[in-house]
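K.L.:
need coordinates for the below:
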Amino acid sequence: MSMDKKDRYRTIIIISFILLIICSVILFVGLWNKLSMNPDVRVGNGLYFLVFAIVILASAIFILHLLEENRESFTREPETAFSDDAADTPSEQSVEPFVAPYDVDIDILADTIVPHIDLRESIGDYAERILLNLARHFEIVQGIIFLKNAKTQEFESLCTFAYTSGKDPAPFKIGDGIPGQVAKNKTLMNLTSIPEGYLQIESGLGNASPDNLLIIPLLLNKETIGIIELASFHTIDKETEWTFQNLSKIIGNAIITKTKTTGKK
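P.N.:
Numbering: from 1, shown residues only. Got it, this is the predicted structure:
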């Protein structure tokens, strides 16, 4: 029962009780005067007493009935508050606040990774700056960003980091190879055992192959518009996976925005 209904209910009870009391007082006064002024009238006096007794009894029954009804309504209220119908109503459901599983502020991290758009800069140079920032922050030793060509439907290399091959990475379509499967499934893939010869890092210390590869889809309107491949000598844990899942949305939007403003390289 709502508070307005409870208040109206109490008001009706109070007014009814006051009216019954007033009627009882008037009846008692009239009866007293009649007894004082004409004591020989026995039948009338008895009738007055009977009416007075009925009023008192009716008042007691009425008040007890209203109190009982009011008590039952308060007793039923908690049950209806958690009924199945109420649970199905979105407006009555309590909304639990979202709590991130890791202590990572994606917005602050994105400000560090994603640079501001410079209209004089090509899309390739802009994406390369993103790769460099990712490499510094996550200890990445090699990286590639692929962007989907709307005409050919192929994912073409947009930029690379520490890529030592003499030619650009080969383009691929959805479903082709490991990155093609990621583009198809639209789900991040964390590989801890990279196939032999898949990646190779050249440095002054010699050649080495990283053991860990993270392939991240860039999604826009639930469609894969790009792929990021990142290689590392360190194990990529669940926190890093969760971070990239959220960071990739911002990176994808930034690259598409840059593409629309300046066109592809």
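K.L.:
hey, let's count contacts and neighbours off CA atoms from now on
P.N.:
Will do.
K.L.:
which stretches of the stretch 51-200 of the chain have low pLDDT?
P.N.:
Scanning the stretch 51-200 of the chain for pLDDT under 70 picks out the ranges 51-55, 57-58, 60-62, 64-99, 195-200.
K.L.:
all strands of it, in order?
P.N.:
142-148, 155-161, 189-191 (DSSP state E, counting those that start in this stretch).
K.L.:
relative to S209, which of the ones you listed is closest?
P.N.:
For S209, the closest of the strands of the stretch 51-200 of the chain is strand 142-148, at 10.3 Å, according to Cα to Cα.
K.L.:
which residues touch that closest one?
P.N.:
Strand 142-148 is contacted by residues 127, 131, 135, 154-163, 201, 224-232 when judged by Cα atoms under 8 Å, 6 or more residues apart in numbering.
K.L.:
mind listing what it pairs with, with the direction of each?
P.N.:
Strand 142-148 pairs in its sheet with strand 155-161 (antiparallel), strand 223-232 (antiparallel), by DSSP bridges.
K.L.:
CSV for those, including mean neighbour count and distance to P169?
P.N.:
Below are the strands paired with strand 142-148 laid out as CSV (neighbours: other Cα atoms under 10 Å; distance: least, Cα to Cα, whole Å):
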stretch, mean neighbour count, distance to P169
strand 155-161, 22, 6
strand 223-232, 22, 11
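K.L.:
K249: which of those strands is closest?
P.N.:
Among the strands paired with strand 142-148, strand 223-232 comes nearest to K249, with 10.8 Å by Cα to Cα.
K.L.:
touching the closest one from outside, list them.
P.N.:
By Cα under 8 Å, 6+ apart, strand 223-232 touches 139-148, 155, 179, 183-184, 186, 210-219, 252.
K.L.:
and if we set it to 7 Å?
P.N.:
Identification of contacts with strand 223-232 by Cα atoms under 7 Å, 6 or more residues apart in numbering yields 139-148, 155, 183, 186, 210-219.
K.L.:
list of residues touching stretch 248-262?
P.N.:
For stretch 248-262, contacts defined as Cα under 7 Å, 6+ apart pick out 114, 117, 119, 122-123, 127, 218-219.
K.L.:
top of those by neighbour count?
P.N.:
Using other Cα atoms under 10 Å as the neighbour criterion, L218 leads the contacts of stretch 248-262 with 30 neighbours.
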